[in-house]
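Colleague: When you get a sec, could you give me coordinates for this:
(one chain, ligands or ions: 1)
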Amino acid sequence: MGLSKTIWTNPTEMLRNVQPENPVLFFAPSVVQANARRFIDGFPGLVTYAVKSNPGEEMIENLAAAGVRGYDCASSFEIDLIRRLAPDAAIHYHNPVRSRTEIAHAVAKGVTSYSVDSKSELQKLIDLVPAEGTEISVRFKLPVAGAAYNFGAKFGATTELAVELLKMVAAAGFVPSITFHPGTQCTDPQAWASYIREAAVIARDAGITIARLNVGGGFPSHRLEAVQPELEAIFETIDQVATEAFGENRPMLVCEPGRAMCGDAFTLAARVKSIRDGQHVFLNDGVYGTLNELPQIGVIDRTQVISPEGVERTGKSQERIVFGPTCDSIDRLPGEMAFPADMEEGDYLIWHGMGSYSVVTNSRFNGFGELTMATVLSLKV
Ligand SMILES: *Cc1c(COP(=O)(O)O)cnc(C)c1O
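Modeller: Numbers count the residues shown, from 1 in each chain. Next comes the predicted model:
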């Protein structure tokens, strides 16, 4: 139980002993390894990890150790990170818009998988990337529901443009593939089904047998107590529909989960700085910190409150407005959140499922955002 521990038994043990003033993210390597195993065993194809969701070195090293052999990268920084930490892994450069300098960097690093959603970006790849043995996946979009927000707002070609792009990719001598992203935190397997059927139509209309179909990320993590992520149901739908839609031309499948790999492997402890006049809760973390995503995709209700002595508060639930520490009025969590009424200043508010889009979006705005990472054997408080 000493303070010198670098691996704690659980979050409570660390909080009780250290009583940290700054937010702490607790990381359980065993959960990342189990998540990776669930994908590798259950997904009917190659599992790659979307680095942007959590590029922490401890994430990548645990994924690599658990057998993840491919990484979806969006920038030169991410490509260099993976080359350093998982030198033999495949890199899929799936940000469909890149500068020429970035493309040259990827070529120099041996990247042989790219995605595109426009003619102008495809032309840049044709100019700069040797075609032989290089895969280009055409990214398309559909107006489908099911995800927490719409990924098609920025990237993705229409079906018609995708047909044209696929023909151009093949004509230029690249290996033609198709990709899509159904939108993040997508809980409806039918979103993947619609995309896979449309991908088959695109390939048929282009008259091209595609090598691979990358079904994107979007797999859900556990954010709401009452909604368990049903990954296996999604895997099964993907498998069935791929066979139905493509028949004997069924391509190899690839997925690129981010959130579903890292989300549940981290638990946040944010300290209650103040309960202003008994009403508003002010935390030491907020939307400029690791809670950045909540206003966009909704709150996580998997919370617990513990006292500085490590005792869980169990009072009747009471709804409160929650603010982050900065002086900006948008630094407020959406709606009102229910916490035990006996919550006090100095308590720790525990949020489970905080591993995705949290470390990476944490900023130092207003001088806050000093984040501690702590490794634990178990995330159970
Ligand atoms: C962000 C992203 C992902 C990961 O999305 P999640 O919702 O975190 O699974 C996968 N692929 C691409 C191309 C992305 O941009």
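
Colleague: check contacts around Ala203.
Modeller: 166, 178, 209-210, 246, 249 (Cβ atoms under 8 Å, 6 or more residues apart in numbering). Where C-beta positions appear, they are placed from N, C-alpha and C, glycine not excepted.

Colleague: Three-state assignment for it, please.
Modeller: Counting by DSSP: H, G, I helix; E, B strand; the rest coil, the backbone at Ala203 sits in helix.

Colleague: Next: Pro20.
Modeller: Under three-state DSSP, Pro20 comes out as coil.

Colleague: The residue sitting furthest away from the middle of the chain and the ligand, how far apart?
Modeller: Using Cα atoms, centre = their mean, the residue of the chain lying farthest from its centre is Asp277. It sits 37.5 Å away. Distance of Asp277 to the ligand, given as Cβ to the nearest ligand atom, to the nearest Å: 39 Å.

Colleague: And that residue, how close does it get to Ile321?
Modeller: From Asp277 over to Ile321 the distance is 12 Å, taken as Cβ to Cβ, to the nearest Å.

Colleague: Tell me which of the contacts of Ala203 fall in strands.
Modeller: Residues of the contacts of Ala203 located in strands (DSSP state E): Ile178.

Colleague: In contact with the residue in the stretch 251-381 of the chain that the ligand sits nearest to, which residues?
Modeller: The minimum distance from the stretch 251-381 of the chain to the ligand, using Cβ to the nearest ligand atom, falls at Gly258 (2.7 Å). Neighbour list for Gly258: 49-54, 72, 184, 217, 356-357 [criterion: Cβ under 8 Å, 6+ apart].

Colleague: Is the ligand within reach of the helix or strand bottoming out on mean pLDDT in the chain?
Modeller: One helix or strand of the chain scores below all others by mean pLDDT, DSSP states H and E: helix 294-297, with a mean of 92. No. Against the ligand, helix 294-297 shows no contacts by Cβ under 6 Å from any ligand atom, the least distance being 9.5 Å.

Colleague: Return the helix or strand following that helix as CSV; C-alpha atoms alone will do.
Modeller: Counting by DSSP states H and E, the next helix or strand C-terminal to helix 294-297 is strand 303-306. What follows is strand 303-306 as a C-alpha-only set of coordinates in CSV (Å, rounded to 0.1, in the frame of the first residue of the first chain):
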residue,chain,number,x,y,z
THR,A,303,-20.3,7.3,-12.7
GLN,A,304,-19.5,6.8,-9.0
VAL,A,305,-18.6,9.3,-6.3
ILE,A,306,-16.0,8.5,-3.6
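
Colleague: residues in contact with strand 303-306?
Modeller: Identification of contacts with strand 303-306 by Cβ under 8 Å, 6+ apart yields 12, 15, 272, 312-313, 337, 339-340, 343, 347-352, 381.

Colleague: pLDDT on it, on average?
Modeller: Over the span of strand 303-306, the pLDDT mean works out to 98.

Colleague: what do you get for stretch 209-221?
Modeller: Mean pLDDT, computed over stretch 209-221, is 98.

Colleague: Flag every buried residue along that stretch.
Modeller: 210, 212-221 (16 or more other Cβ atoms under 10 Å).

Colleague: gap between that stretch and the chain center?
Modeller: A distance of 14 Å separates the centroid of the chain from that of stretch 209-221, by Cα atoms, centre = their mean, to the nearest Å.

Colleague: could the contacts of Ala203 be laid out in CSV, adding distance to Lys119?
Modeller: Formatted as CSV, those follow (distance: Cβ to Cβ, whole Å):
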residue, distance to Lys119
Leu166, 12
Ile178, 16
Thr209, 22
Ile210, 19
Phe246, 26
Asn249, 25
